[in-house]
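> below are the sequence and a predicted model; questions follow.
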Amino acid sequence: MKYSFKIFSVFGIPVELHISFLLLMLLIYAVAILNLAPGVDLTAALLITLLFVTVVLHELAHSYVAQKYGIKIDRIILLPIGGVSAMEELPEDPGEELRISIAGPLVNFVIAMICYGIYFAFIGFGSYPYIFEFLNNFALVNLILGVFNLIPAYPMDGGRVLRAILAGRMSYLQATETAASIGKFLAIFMAVVGIFWNFFLILIALFIYIGADAEYKEIMISTILEGVKVGEIMTQKVKTVTGETTVEEMMKIMFQNKHMGYPVFEGNKLAGIITFNDISQAKHGDEKKTITKFMTRDLVTTSPDEPLTDTMTKLNKTGVGRLPVMENGELVGIISRTDIVRALEILKLKKGN
């Protein structure tokens, strides 16, 4: 995710901190140290810090169980509203998704039970009231976090549990649509409540609504494109350029052909790809320079037999707009986001009929 940076790795999974979370923590500690707000002292700041440590443990529980089922986790991102485990793929078995989803809240409940156990075991001694108060508060926060995550508002854990249950009775797409609709409804309800009670609730509602809509669209696209190969929709007649092409000539080619990316050959070898974004890095006076100074050499390619959904993942990961299609070391086509969108629209119409 943009504006996040890695802080450490666990189970081989990078844990990243979003800059907004760092700014929030600095703000909380500044308010506590300078005593700018009643009720926000260093104890409260420490409690909030430990809360986000708990969020890491919560997400690691999801990730650990997912890895047990062979699902790769790209990273865990810490945001002000909680954590996100970025999975490469969704579990195919509803039972697996149920166990992955429930793992996070279970960690919160276990932490709460441990804190309450220590609290009730030593409360009679009464020598350290601040410690006991802290344990009680930390247990309560974990209990609330665990219960809150089980609210059936997709894409929260409870919403995923709901989808896993529904997927046993209907298609995966229908289950996702139903869970997402319930999540959106609850998000709207939370936003309305937040207007009169707490602004932070509005932010959470916004996260749930956007997340539910985005994940439903992702599942819908994957379902519609299931079984479609790159070779079925790629552009076969590919306009290529040579490494000797100048920036000035490349701009003319782009203007005339209305394409924003072209494979670049050096001799008989595919050496890179030049896009409008690459060429826009050229400055005044670079018109006569060759495009080899600006083209992308780290090529990500696909093949005619590759599933279209895998190619979409490559496009999203690399952030490029198109991929060369290679077969037996030869360029046989090119596929772009526009090609995929066009194919998606046609397939939607076919399935709708």
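Here it is on my side, so go on.
> going forward, measure contacts between C-alpha atoms and count neighbours the same way
Will do.
> so where do the helices sit in this protein?
19-33, 42-68, 94-122, 129-149, 157-166, 172-196, 199-224, 230-233, 247-257, 276-279, 308-318, 337-352 (DSSP state H).
> where in this structure is pLDDT low?
1-2, 32, 36-45, 80-82, 88, 124-128, 351-353 (pLDDT under 70).
> spell out for me which residue occupies the centre of it.
By CA atoms, centre = their mean, the chain has its centre lying nearest to Ala86, at 5.0 Å.
> was I right about that residue contacting Ile71?
No - counting by CA atoms under 8 Å, Ala86 stays clear of Ile71, with 10.5 Å between them.
> before we move on, back to that, how about the contacts made by the residue nearest to the centre of the chain?
Applying CA atoms under 8 Å, 6 or more residues apart in numbering, we find Ala86 in contact with Ile73, Asp74, Arg75, Ile76, Ile77.
> repeat that for 10 Å
Ala86 makes contact with Met1, Ile13, Glu59, Ser63, Lys72, Ile73, Asp74, Arg75, Ile76, Ile77, according to CA atoms under 10 Å, 6 or more residues apart in numbering.
> list the contacts of the second one.
Think Ile13. Leu60, Ser63, Tyr64, Lys72, Ile73, Asp74, Arg75, Ile76, Ser85, Ala86.
> run the last query once more with 8 Å
Ile73, Asp74, Arg75, Ile76.
> over to the fourth one?
The neighbours of Ser63, taking CA under 8 Å, 6+ apart as the test, are Ile73, Ser85, Ile100.
> quick one: neighbours of the last one, just the number.
When counting by other CA atoms under 10 Å, one arrives at 23 neighbours for Ile100.
> going forward can the numbers begin at 34, since that is how I track them
Done: numbering now begins at 34, and the last item shifts to Ile133.
> for it, give its distance to Ile144.
18 Å (CA to CA, to the nearest Å).
> circling back to that earlier point, distance to Gly201 for the contacts of Ile46 - can I get that in a markdown table?
Converted to a markdown table, these look like this (distance: CA to CA, whole Å):
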| residue | distance to Gly201 |
| --- | --- |
| Ile106 | 25 |
| Asp107 | 28 |
| Arg108 | 29 |
| Ile109 | 29 |
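> nearest to Ile66, of the residues you listed?
Of all those, Ile66 sits closest to Ile109, with 29.8 Å by CA to CA.
> was I right to think the closest one contacts Ser118?
Yes - the pair formed by Ile109 and Ser118 meets the contact definition of CA under 8 Å, at 4.5 Å.
> more neighbours: those two, which one.
It is Ile109, of Ile109 and Ser118, that has more neighbours when counted by other CA under 10 Å, with 24 against 20.
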